[in-house]
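**Q** Got a predicted structure here, sequence first:
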Amino acid sequence: MPEVVPINSTPSDSPNPRLLDALGADNSSTRLQAALAAGTSPDPALLEALVERCAVEPDFFVRDMLTWALTRLPAEITVPRLRAELGSERAQARSQALHTLSKIGDGSVWPAITRSLLHDADDEVARSAWRAAVILVPAGEKKGLAADLAAQLGRGDRHVRLSLSRALVALGDLIEPALRTAMANADPTVRTHAHATELLLRNPEANVDSVIEEAKRIVALGPERVEGTAC
């Protein structure tokens, strides 16, 4: 049975040592309960331990609970620490910091969502950066962000491409010029991804597999011939 972690009822100057041990326990259920306890009774003294654990935690559900625990702390202490984490050499540290910052939703973080993060070589970091960017971007910066994201059309596997499409679609109709540019790209993979994204823009609830197949058909036949065969 996982260890039952006691919950502090009031913040303290130093974190609960039993809770710290539980955050690093071998058993994932114990770590999950510890993260839940940290969020249920928010204690600023736990900030460093929670951020550090995010960088190394292997279990998705525990990471998600750690993010929730961090969002329960005051943004004035959490946001600067997470911004610093964006420069970490550890990919998971960057990814989780971006994910948590997107959940906090502090618009002042936007300048920290750099092109290097949006184009990060690690797909999970890039995906987290895309999601954070479309949430935090100021209205006047959306067109530039759309162009920056569209420049990566064709990147990665199916999951990466879907994440990029979803991020672009979240920006709305202003992505259309960038999509048209990508549709003229010499690479058929880029063209297919651009057409699939346009189809999702028209119908965000569309079946993804059907959208991908239709985009492949458009690229194979040409948009004019596809329109000519439509009933």
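**A** On my side now, so go ahead.
**Q** Which parts of this protein belong to which domain?
**A** 1-73, 87-136, 142-231 (automatic domain parsing).
**Q** Figure out which of those domains is closest to residue 81.
**A** Closest approach to residue 81 among the domains of the chain (CB to CB): domain 1-73, 5.7 Å. For the C-beta atoms, the positions are set from N, CA and C on the backbone; glycine is no exception.
**Q** and that closest one, how far from the chain's centre?
**A** 21 Å (CA atoms, centre = their mean, to the nearest Å).
**Q** just the helices in the protein please.
**A** 17-23, 28-40, 47-56, 60-71, 75-85, 91-104, 115-118, 123-136, 142-150, 158-170, 176-183, 188-202, 208-221, 223-229 (DSSP state H).
**Q** Can you say which of the domains of the chain is packed in most?
**A** Stretch with highest mean neighbour count among the domains of the chain: domain 87-136 (a mean of 19; mean count of other CB atoms under 10 Å).
**Q** Pull up the distance across that domain, start to finish.
**A** 18 Å (CA to CA, to the nearest Å).
**Q** Quick check: the gap between the nearest residue to residue 158 once chain neighbours are set aside and residue 218.
**A** Leaving aside its sequence neighbours, residue 158 sits nearest to residue 212 (CB to CB, 6 or more residues apart in numbering; 7.8 Å). Distance, residue 212 to residue 218, by CB to CB, to the nearest Å: 11 Å.
**Q** Likewise for residue 48?
**A** Remark: distance between residue 48 and residue 218 (CB to CB) = 51 Å.
**Q** residues near residue 140, how many?
**A** 7 (other CB atoms under 10 Å).
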